[in-house]
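In: Model the following, please.
(2 chains)
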2 protein chains.
Amino acid sequence: MNDFVFHIPTKMYFGRQCLDKLSSEMKGSGSRVLIVYGGGSVVRSGLLGRIKDQLRDDFTVFEHSGIEPNPKIGSIRIGADLCKEKDIDMILAVGGGSVIDASKAIAAGACVDFDPWEFYGGPRRPIEKALPLYTVVTMASTGSEMTCGAVISNDETCEKLGRGGFPVFPKASFLDPQLTFSVPRFQTAAGAADILSHVMESYFKKDVDFFMLDRMMEGVMKTVIVNARIALDDPENYEARGNLMWAASWAINGLFGGGSRQVWSCHPIEHELSARYDMTHGLGLAIIMPKWMRYCMKTDPETCSKIRDFGAAVFGASDENEAIAKLEDFLYGDLGLASSLSAAGIENIDAADMAASICKKGNINGYLPLDETAVTEILEACI
Amino acid sequence: MNDFVFHIPTKMYFGRQCLDKLSSEMKGSGSRVLIVYGGGSVVRSGLLGRIKDQLRDDFTVFEHSGIEPNPKIGSIRIGADLCKEKDIDMILAVGGGSVIDASKAIAAGACVDFDPWEFYGGPRRPIEKALPLYTVVTMASTGSEMTCGAVISNDETCEKLGRGGFPVFPKASFLDPQLTFSVPRFQTAAGAADILSHVMESYFKKDVDFFMLDRMMEGVMKTVIVNARIALDDPENYEARGNLMWAASWAINGLFGGGSRQVWSCHPIEHELSARYDMTHGLGLAIIMPKWMRYCMKTDPETCSKIRDFGAAVFGASDENEAIAKLEDFLYGDLGLASSLSAAGIENIDAADMAASICKKGNINGYLPLDETAVTEILEACI
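Out: Alright, predicted model coming up:
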């Protein structure tokens, strides 16, 4: 049990009526709003119109649309420039994790004179200031609505990097599970895999176990598994969508880290896949996770007891092999995600080259230390 | 699943070294500090001296000691007057739940011209402002370090009432499990019962179940049971004390309420016991809880399925009777708490008179609605 600080200043609004509070909550931050969103789904669903109607009387509204999945630094630069040009007071992100991450980078980029990529690559400048950020969440997945981190991709350098800073914590986030009713089957599945992976990255640790956090994580993993199955069968099931949505926020908001000094294992590998192939993050994680677990089991037999705990608590599995098999059944059966890169349409993978790129700044010092050889082996199992 | 807001602005410092950050964290709030504490244990342990040494260079320190268990309005009035007289900038609570609750009422009382009891009784004025509050926690129990509520007793009117307000959320709370090593056996046990009761009051609800929160609560209840046993056997076990300490904060910080509209059941009954007999809160709850569960089982057979879920998840019990029996084994066996009011030294109880007093403003609309007759029956089972 290590020392830690837990501090989440974000006001989380949850439920069917929560959007009613949006404009009154935002009033404290000024009057000029930049709404950031992705493709047309928030337009088609009528959500954007509803929000603009609500803001019309008290705010001057600007828009920045077209944020990509795996949001690109180009979109951040345009957004940050727009904030400066239009003298924007605050940002309202309407979308999933990509839109919220992009909005955080824009909120920080709006307050500096340098290129926002310098938060990520090169000098990795600290985020010391940001415009106030509000989020309306339309997907249960990254949990970005309750964190101060943002992952941005740079297609020039083929990098996908994360960066955090206290100033980019949203002031308030609005979670209405009804907004996720229309999330397509594949995105729902990939989101569930993403949530599960966030918990698993914290659960599998070499630091001393934190009894309470392990038990809470088992509860959240079970929640994802039970409720993702329901949501896929019955997309408008409010309870299932609500459980997935609140689980997404808690999976990654720092509680489960509990002072663990450990680096995550599957995410650095997946980020390379996303950066190279613009792959859906949750799908990449779903492919990698079981292969990583099998690698750990083989390399370090001590791992087996933690996998057994996981399997027993989450799936009622009786041993480590059944635990991984049930995880695979969930990811590739229930969720219907591709079980390999080739099944996901990605061919001609050069595992060694990817591993070299992933480890170029050092090995992954996660649950087990992973060097280039280890990462190559895991990636080859994913092909 | 109902709508809710989750918002905890408090910065939670946890761990062996966390107190090192105390003075740097407090600097933002001014220079004149009132340290509030209880009896002499924080003096004897050297903790108060250590804190004063750390604050000496940057702060002018005043003290207000003698806060009682079940803190009295008289101590609040003195503290609030002291703040006004000495032009205090901030309050530092050093102690358990009673000290922290008293400090919240003092912090609010310092900012108004009326008697601080008016927050509680009579007009029940809202808490609109408070001095900044910091807490150093010395007991795992009430979770007051992460909430904006405070329970205060009035011995003139024989009332023990709760009140909350956003301004009294601590700015920062410091949780070093080592500070709880010296908590005596009885207080450790009563604290564990208190934590468990907070979770149980949220767990047993008639609102639609919230799958994730139920699973998390089962994890926290199991944490309390496993780690209280360890801490009683081995009071300096850091992991066990740490688990109890963090469980105390999460048991009551609002997460597990999850929008439930439900009123608590055992707490209103216990508050009457504390108010009349100055009873230790956790002991009172430990006596009441199983009797309340048996009353619910008898009155509403539907209750049995929830008690079975509880028993299976927390104790591995196979039915509702075993669940309650195992809870009693834990409370009265492992924790060694008195199983009845007479065993706790309280005689000549007038259950009907107490029930009338508890219900004088209306029935308890908790898990099952409890009218005077019901409360009398539960109290009689406690005698």
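
In: So for stretch A:319-339, first residue to last residue, what's the gap.
Out: Terminal residues of stretch A:319-339 lie 22 Å apart, using CA to CA, to the nearest Å.

In: again, but for stretch A:138-156
Out: Start-to-end span of stretch A:138-156 (CA to CA) is 29 Å.

In: likewise stretch A:247-262?
Out: Using CA to CA, the two ends of stretch A:247-262 sit 22 Å apart.

In: Buried residues of that stretch, list them for me.
Out: Of the residues in stretch A:247-262, A:247-260, A:262 count as buried by neighbour count, 16 or more other CB atoms under 10 Å in any protein chain shown. The C-beta positions use only the backbone N, C-alpha and C, and glycine is treated the same way.

In: between the residues you listed, which is nearest B:Ala80?
Out: Of all the buried residues of stretch A:247-262, B:Ala80 sits closest to A:Leu255, with 34.8 Å by CB to CB.

In: Now do the contacts for that closest one.
Out: Contact analysis of A:Leu255 by CB atoms under 8 Å, 6 or more residues apart in numbering or on different chains lists A:Phe6, A:Leu213, A:Met216.

In: just the buried members of those residues?
Out: Neighbour-count burial (16+ other CB under 10 Å) applied to the contacts of A:Leu255 gives A:Phe6, A:Leu213, A:Met216.

In: quick check, nearest of the buried residues of stretch A:247-262 to chain B?
Out: Lowest distance from chain B to those (CB to the nearest CB) belongs to A:Ala247, with 5.4 Å.

In: List the contacts of that closest one.
Out: A:Ala247 touches A:Ala140, A:Ile195, A:Val220, A:Thr223, A:Val224, A:Asn227, B:Met212, counting by CB under 8 Å, 6+ apart.

In: hmm, which of these are the buried ones?
Out: The buried subset of the contacts of A:Ala247 (16+ other CB under 10 Å) comprises A:Ala140, A:Ile195, A:Val220, A:Thr223, A:Val224, A:Asn227, B:Met212.

In: Look at the fifth one and tell me its secondary structure.
Out: Here A:Val224 takes the helix state, with states given by DSSP: H, G, I helix; E, B strand; the rest coil.

In: doesn't A:Ser197 make contact with it?
Out: No - counting by CB atoms under 8 Å, A:Val224 sits too far from A:Ser197 to count as a contact (9.8 Å).

In: A:Pro62 should be in a strand, yeah?
Out: Let me fix one detail, which is that residue A:62 is Phe and not Pro. Yes - assessed by three-state DSSP, A:Phe62 belongs to a strand.

In: All the helices of the stretch 251-383 of chain A, residue numbers only.
Out: Using DSSP state H, counting those that start in this stretch, the helices assigned to the stretch 251-383 of chain A run over residues A:266-277, A:281-299, A:303-315, A:320-328, A:351-358, A:372-382.

In: Tabulate those (CSV), appending distance to B:Leu331.
Out: Output for the helices of the stretch 251-383 of chain A, formatted as CSV (distance: least, CB to CB, whole Å):
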stretch, distance to B:Leu331
helix A:266-277, 43
helix A:281-299, 40
helix A:303-315, 25
helix A:320-328, 35
helix A:351-358, 52
helix A:372-382, 49
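
In: Let me know which of those is the nearest to B:Cys359.
Out: helix A:303-315 (42.1 Å).

In: Please save the CA atoms from that closest one in CSV.
Out: This file holds the C-alpha atoms of helix A:303-315, laid out as CSV (Å, rounded to 0.1, in the frame of the first residue of the first chain):
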residue,chain,number,x,y,z
THR,A,303,0.9,-14.4,-12.1
CYS,A,304,-1.4,-17.4,-12.1
SER,A,305,-2.7,-16.8,-8.6
LYS,A,306,-3.8,-13.2,-9.5
ILE,A,307,-5.4,-14.5,-12.7
ARG,A,308,-7.2,-17.1,-10.6
ASP,A,309,-8.5,-14.4,-8.2
PHE,A,310,-9.7,-12.4,-11.2
GLY,A,311,-11.4,-15.4,-12.8
ALA,A,312,-13.1,-16.6,-9.7
ALA,A,313,-14.4,-13.2,-8.8
VAL,A,314,-15.5,-12.0,-12.2
PHE,A,315,-16.4,-15.2,-14.1
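
In: Give me the residues contacting it.
Out: So helix A:303-315 is contacted by A:200, A:203-204, A:214, A:218, A:221-222, A:225, A:293, A:296-297, A:317-320, A:322-324, A:326-327, A:330, A:367-368 (CB under 8 Å, 6+ apart).

In: Please tell me how far A:Asn365 sits from A:Glu372.
Out: Noted for A:Asn365: a distance of 14 Å to A:Glu372, by CB to CB, to the nearest Å.

In: Neighbour count for these two, which is higher?
Out: Neighbours were counted for A:Asn365 and for A:Glu372 using other CB atoms under 10 Å in any protein chain shown; A:Glu372 has more, 18 against 14.

In: residues touching that one, list them.
Out: A:Ala352, A:Ala355, A:Ala356, A:Ile358, A:Cys359, A:Asn363.

In: For A:Ser24, see how far away the residue lying farthest from the centre of chain A is.
Out: Taking CA atoms, centre = their mean, the residue of chain A most remote from its mean C-alpha position is A:Asp57, at 33.6 Å. Per CB to CB, A:Asp57 is found 11 Å from A:Ser24.

In: State whether A:Leu175 and A:Thr10 are indeed in contact, as I suppose.
Out: No - taking contacts as CB under 8 Å, A:Leu175 lies outside contact range of A:Thr10: 10.9 Å.

In: intersection of neighbour lists for those two?
Out: In contact with both A:Leu175 and A:Thr10: A:Glu145, using CB under 8 Å, 6+ apart.

In: quick one: which of those two has more around it?
Out: When neighbours are counted by other CB under 10 Å, A:Leu175 and A:Thr10 differ, and A:Leu175 comes out ahead with 26 against 23.

In: My read is that A:Val61 contacts A:Asp53, right?
Out: No - taking contacts as CB under 8 Å, A:Val61 lies outside contact range of A:Asp53: 10.4 Å.

In: before we move on, the earlier item: OK, contacts around the residue farthest from the centre of chain A?
Out: Contacts of A:Asp57 (CB under 8 Å, 6+ apart): A:Ser23.

In: cool, and A:Ser31?
Out: Per CB under 8 Å, 6+ apart, neighbours of A:Ser31: A:Asp58, A:Phe59, A:Thr60, A:Asp89.

In: Please apply the same query to A:Gly96.
Out: A:Gly38, A:Val137, A:Thr138, A:Met139, A:Ser141, A:Thr142, A:Gly191.

In: pLDDT at the closest residue to A:Leu175 other than its chain neighbours, what is it?
Out: Leaving aside its sequence neighbours, A:Leu175 sits nearest to A:Phe14 (CB to CB, 6 or more residues apart in numbering or on different chains; 4.7 Å). At A:Phe14, the model reports a pLDDT of 98.

In: How many neighbouring residues does A:Phe14 have?
Out: 23.

In: how near is it to B:Ala381?
Out: 38 Å.

In: do the same with A:Met200
Out: 46 Å.

In: more neighbours, those two?
Out: A:Met200 (23 against 16).

In: Name the helix or strand for the more buried one, please.
Out: helix A:185-203 (DSSP states H and E).
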